[in-house]
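Quick one, fold the following:
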Amino acid sequence: MARIVAVSLIAIAMLAQAQEPAAITLNVVATDSKGNHIRSLTGDDFEILSRGKTIEVSDVSERALTPRRIAVIFDVTSISLAARRTMIDGLRDFLSKSLRPGDRVLLLTAGQALTPLSEWTADSAQIDAALQRAGTESSATMAGDRESAERRIREMITDIQQARQTLYTFDTILETVRTYATAVYRDTKQSIGLLNTATNLFSSRSTRNVMIVVGAGLPLRAGADLFQYLDNVKSDAERGQLGGALRQGAGRSSPLTESSSFDLTPFLKAVAAEARDRGVAIYTIDSEMAEAASARVEANRMSDRTASFATIANRSAGYQLLADESGGVAFLAQRPNEALAQIRSDLDSYYSIVLHPTSPLAANDPVEVRSKSAPKIRTARGGAPLTADAEVQSRVVAYHLMKPDANDLGISVQAAPPVADGDKRRVNLKVMIPIKNLRFVQEGNVVTGGFTVYITTGDALGHTSSVNKQTQQLRWPVEALQAAGDRKVTFAVDVVLEAGRTQISVGVLDLRSETTGYDRVSV
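Numbering: from 1, shown residues only. Here you go, the predicted structure:
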């Protein structure tokens, strides 16, 4: 019937269209200074500001019975197996007491990959099986080993002090720290990317969305603790306590300045912003923060104690940032049952506030909620479904991890054998859409319609590319549509796969009806 060929897969810039300011809904948790929830507040108790301007509050309601979506992610690269099992015991009790009709739970592990242990489910048997699997799944080893790196530094310092001739210098020690920081940076960036992928698993803001991350923290700066340790070594060397060979090199170095090259803050902020925009409040739990292996150092060395503090502060800061900027809470060195009890209280008691801005607010525009009646306020956007465009983008990413479970358009995808293109692969992809499932509007002797194709590449481990999309308008004679029968529109496109990418996830949105279809192919 029709074959539409695109030469390459590229993002199409969309022209901004003027819109009337839309109402915005916020999910707000109001507590006193002790963390107790404050009930029975009204619109008069809240003041909403954006960039210094007051926004009108049209409605405030307590939303205790809204359906919830709760995703729990175990970071198996950082939390010990013993702590994981203690958390699982707490989660069994938490979920059995918290779930109501309409609620759904998703359990995952994050290591070298993001692995779903369940589907979105309310089935107690499936939840229990997923929790049991979470307690037996092996931990993942990441490249950054702080204890080994510090031990290596000690050995080099001893060698420099005792040997008459040595190849080691302060610069050699500094390079060891850089190598460690590079490994931590790479691994942590991967972990942050998996969390970002997880936010796409929430397909609607009309539910109360919560993501609980269980682990041992995320650093704001990779290797900051070891750079701090080396800075203490530098101070000792400059005072002449470690010998002349180290003193000369120490004077030329600036370990703390170098740590800024391994800043992960922008990536953490991006995840928090994505969660906030999707109405997902992130709760982070590090129940064994003070007992982390990186904090177990010799108490009789001041430099060790300083580095130990830097380790704890740096790793907890990442969890704190994710929670603060998404409307959740960071629970650090707190018992699992206590943390989960507070999360349950948040789920059971919050306010839905509807705003009417005088001008459109972008997703990244700051919205500040104040209340004289509640000393502490936490806010997440929510209360309204995602746009059709945003929902399709979310699902094509999520369907790398989960098999597509929706295909109202009845689309299908075929991939030709890949062709090598340097270290990448190029695949000719055909997306076939049944014409009878598309909606057309008659205009005289012709009918018009259209669709947008969304494509992302990735793998079954949760690693994905950004979503690219192309829109195709259709204009046919009425007779051609009437004769189409069961025939299909074929949309052909060349897709480039980065090294390691083995899947292509596709979504199609009918522009007239907003009906969607999804499919996935492995190559």
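
in the stretch 101-250 of the chain, which ranges drop under the pLDDT threshold?
Residue ranges of the stretch 101-250 of the chain with pLDDT under 70: 141-144, 163-166, 244-245.

please redo it, this time with the cut-off set to 90
With pLDDT under 90 as the threshold, the stretch 101-250 of the chain has low-confidence stretches at 111-115, 119, 136-176, 190, 193, 196-197, 200-208, 216-217, 223-250.

all helices of it, in order?
124-136, 146-162, 170-199, 224-238, 244-251 (DSSP state H, counting those that start in this stretch).

Please identify the most buried of those.
Most buried of these by mean neighbour count (mean count of other Cβ atoms under 10 Å) is helix 224-238; its value is a mean of 23. All C-beta atoms are positioned from the backbone trio N, CA, C, and that covers glycine.

What residues does Y518 make contact with?
By Cβ atoms under 8 Å, 6 or more residues apart in numbering, the contact set of Y518 is 395-396, 399, 404, 406-407, 411, 505-508.

go on, L106?
In this structure, L106 makes contact with 69-72, 116, 118-121, 201, judged by Cβ under 8 Å, 6+ apart.

Relative to L114, how far out is it?
Per Cβ to Cβ, to the nearest Å, L106 is found 11 Å from L114.

Quick check: nearest residue in space to the residue nearest in space to the middle of the chain, chain neighbours excluded?
By Cα atoms, centre = their mean, the chain has its centre lying nearest to N196, at 2.0 Å. Residue nearest to N196 in three dimensions, not counting chain neighbours: V271, with 4.7 Å by Cβ to Cβ, 6 or more residues apart in numbering.

Next up, the contacts around that neighbour.
192, 195-196, 199, 322.

run the last query once more with 10 Å
Applying Cβ atoms under 10 Å, 6 or more residues apart in numbering to V271 gives the contacts 192-199, 218, 280, 282, 318, 321-322, 325-326.

Same check on L108?
Contact analysis of L108 by Cβ under 10 Å, 6+ apart lists 71-74, 114-118, 130, 134, 194, 197-198, 201, 211, 401, 462.

T358: neighbour count?
10 (other Cβ atoms under 10 Å).

That one against K53, yeah?
Yes - counting by Cβ atoms under 10 Å, T358 does reach K53; the two are 7.8 Å apart.

can you list the domains in this protein?
Domain assignment for the chain by automatic domain parsing gives 2-15+388-522, 24-64+350-381, 81-137, 146-344.

okay, these, which one's buried deepest?
Buried most deeply of these, by mean count of other Cβ under 10 Å, is domain 146-344, with a mean of 20.

Between the two ends of it, what distance do you get?
35 Å (Cα to Cα, to the nearest Å).

and if you look at stretch 127-145?
Stretch 127-145 has its terminal residues 34 Å apart, counting by Cα to Cα.

and what of stretch 44-54?
13 Å.

which residues touch that stretch?
Contacts for stretch 44-54 (Cβ under 10 Å, 6+ apart): 24, 26, 28, 30, 38, 55-57, 60, 351, 353, 355, 357-359, 361, 365-374, 377, 379.

Inside helices: which ones of those residues?
Using DSSP state H, no member of the contacts of stretch 44-54 sits in helices.

picking that back up, what is in contact with L106 and L114 at once?
73, 198, 201, 401.

list the contacts for L195?
Neighbour list for L195: 73, 75, 110, 114, 211, 213, 218, 267-268, 271-272, 274-275, 282, 284, 322, 462 [criterion: Cβ under 10 Å, 6+ apart].

Only alpha carbons, please: show whichever strand in the chain runs longest as PDB.
The longest strand of the chain (DSSP state E) is strand 446-458. Presented in PDB, the C-alpha positions along strand 446-458 are these (Å, rounded to 0.1, in the frame of the first residue of the first chain):
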ATOM      1  CA  VAL A 446      -8.900  12.600   0.500                       C
ATOM      2  CA  VAL A 447      -8.300  11.300   4.000                       C
ATOM      3  CA  THR A 448      -5.500  12.500   6.300                       C
ATOM      4  CA  GLY A 449      -3.800  10.900   9.200                       C
ATOM      5  CA  GLY A 450      -0.400  10.300  10.600                       C
ATOM      6  CA  PHE A 451       1.800   8.700  13.100                       C
ATOM      7  CA  THR A 452       5.100   9.100  15.000                       C
ATOM      8  CA  VAL A 453       7.600   6.300  15.300                       C
ATOM      9  CA  TYR A 454       9.800   6.200  18.500                       C
ATOM     10  CA  ILE A 455      13.000   4.100  18.500                       C
ATOM     11  CA  THR A 456      15.600   3.500  21.100                       C
ATOM     12  CA  THR A 457      18.500   1.000  21.100                       C
ATOM     13  CA  GLY A 458      19.700  -0.900  24.200                       C
END
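
can I have stretch 422-440 written out in CSV, keeping just the CAs?
The C-alpha trace of stretch 422-440 is given here as CSV (Å, rounded to 0.1, in the frame of the first residue of the first chain):
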residue,chain,number,x,y,z
GLY,A,422,33.4,0.6,12.2
ASP,A,423,32.8,-0.5,15.9
LYS,A,424,29.1,0.0,15.4
ARG,A,425,26.4,-1.9,13.5
ARG,A,426,23.8,-0.6,11.0
VAL,A,427,20.4,-2.3,10.8
ASN,A,428,17.7,-1.7,8.3
LEU,A,429,14.5,-1.8,10.4
LYS,A,430,10.9,-2.1,9.1
VAL,A,431,8.0,-1.0,11.2
MET,A,432,4.7,-2.3,9.9
ILE,A,433,1.4,-0.7,11.0
PRO,A,434,-2.0,-2.1,10.0
ILE,A,435,-3.8,0.6,8.1
LYS,A,436,-7.2,-0.4,9.5
ASN,A,437,-5.9,0.5,13.0
LEU,A,438,-5.0,4.0,12.1
ARG,A,439,-7.6,6.8,12.3
PHE,A,440,-8.1,9.1,9.3
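
any idea of the mean pLDDT in that stretch?
Taken as a whole, stretch 422-440 has a mean pLDDT of 95.

quick check, distance from it to the centre of its chain.
Remark: stretch 422-440 is offset 28 Å from the chain centroid, using Cα atoms, centre = their mean, to the nearest Å.

Report the spatially nearest residue to Q161, omitting neighbours in sequence.
Using Cβ to Cβ, 6+ apart and skipping the chain neighbours, the partner closest in space to Q161 is G243 (4.9 Å).

Taking their axis directions, the longest strand of the chain and helix 170-199 sit at what angle?
Calculated by axes from the mean of the first three to the mean of the last three Cα atoms, to 10 degrees, strand 446-458 forms an angle of 140 degrees with helix 170-199.

what secondary structure does the residue nearest to N196 sit in?
helix (DSSP: H, G, I helix; E, B strand; the rest coil).

any idea how far K189 is from it?
According to Cβ to Cβ, V271 and K189 sit 11 Å apart.

Hmm, D89 and N337 touching each other?
Yes - using Cβ under 10 Å, N337 is in contact with D89, at 8.5 Å.

Can you give me the distance of G500 to V233?
Relative to V233, and taking Cβ to Cβ, G500 is found at 38 Å.

before we move on, what about L340?
Taking Cβ to Cβ, one finds L340 at 41 Å from V233.

In strands only, show me the contacts of L195.
Per DSSP E, the contacts of L195 map to strands at 73, 75, 110, 114, 211, 213, 282, 284.

what's the closest of these to V184?
D75 (14.1 Å; Cβ to Cβ).

For the nearest residue to the closest one once chain neighbours are set aside, grab phi and psi.
Closest residue to D75 apart from its sequence neighbours, by Cβ to Cβ, 6+ apart: G215 at 3.0 Å. Backbone torsions for G215, taken as degrees, to the nearest 10, come to phi -170, psi -150.
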